[in-house]
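S.K.: next input, structure requested:
(one chain, ligands or ions: 1)
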Amino acid sequence: MSTITLIDSHAHLTDPRLVSETEDILLRAREAGVGAVVTIASNAGDSERTVALAAAYEGVYATVGIHPHEASTATPEALAEVRDLATRPGVVGIGETGLDFYYDNAPRDAQYASFRAQLKLARELDLPVIVHARSADDEVVSVIREAGWGRGILHCFSGGAALLEAVLELGWYVSFSGVITFPKWDGKELLRSVPLNRLLVETDSPYLAPVPFRGKTNEPGHVRQVAERAAELRGESFEVLAAATAANTRAVYRIG
Ligand code: NI
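M.R.: Numbers count the residues shown, from 1 in each chain. The predicted model follows:
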């Protein structure tokens, strides 16, 4: 077993492709040196399942919230359910929320309303907010500036320099996924510009499997390949990057 302890800061363990294999997946993660996983919710019903997983498995922590793709489900009742669940043991954040104007799976006004409501909730409960931004850099910057909440994670970073600068200025953390292992990935300069004390790594499992697992179902153990590639691209040692990203993940989520 590896002595290095990585953390997967963002996975969807409740996805049907992963949930039936939870124990094997967590075992393989431990063998890869991954000591903790934050499982991220996509809607109110899913938030009940993330909370249940965190209660059942050591080293698993949960967020509760509603994904921008599912923003149409963010009714007052669903948001009240999320708020209730947020106080349960093992819950470490609100989200994922944000804006996705690439897929536009939910009407934009619903995405804005859901995003603003979850930022407000995160602030009231003193929890970090996990933000997804796709083809909506300027709009995300304006919403998070207006909210002014200093605890947040921009997940699976794929945006531009202005978005990166805005979240760092607010004191947020920036998380990179397996996308950075793809040969044609063009964000190397931005990855290098993130201070080591604000950097996180994630799998976004079951999506975005890194090289050499591309096209397969992703799982938290593969955060190791993300960390190895991040270290290589930044010119840092794997050990230093692994330790720093794990410490940052613990800090932003306040995992003991
Ligand atoms: Ni996600």
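S.K.: show me which helix runs longest in the chain.
M.R.: helix 108-125 (DSSP state H).
S.K.: can you get me a residue count around Leu196?
M.R.: If you count neighbours by other C-beta atoms under 10 Å, Leu196 ends up with 14. In short, each C-beta sits where N, CA and C put it, glycine included.
S.K.: quick check, it in contact with Gly235.
M.R.: No: here Leu196 does not reach Gly235: they are 11.2 Å apart, not a contact under C-beta atoms under 8 Å.
S.K.: so what strands line up beside the helix or strand just after the longest helix of the chain?
M.R.: Following helix 108-125 in sequence order, the next helix or strand is strand 129-134 (DSSP states H and E). Neighbouring strands of strand 129-134 in its sheet, by DSSP bridges, are strand 91-100 (parallel), strand 152-154 (parallel).
S.K.: tabulate the ones you listed (a markdown table), appending distance to Glu23 and mean pLDDT.
M.R.: Output for the strands paired with strand 129-134, formatted as a markdown table (distance: least, C-beta to C-beta, whole Å; pLDDT from 0 to 100):
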| stretch | distance to Glu23 | mean pLDDT |
| --- | --- | --- |
| strand 91-100 | 21 | 98 |
| strand 152-154 | 27 | 98 |
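S.K.: Phe176: which of the ones you listed is closest?
M.R.: strand 152-154 (9.9 Å; C-beta to C-beta).
S.K.: buried residues, whichever helix or strand comes after the closest one. List them.
M.R.: Scanning forward in sequence from strand 152-154 by DSSP H and E, the next helix or strand is helix 161-169. Applying a neighbour-count criterion of 16 or more other C-beta atoms under 10 Å, one finds 163-164, 166-168 buried in helix 161-169.
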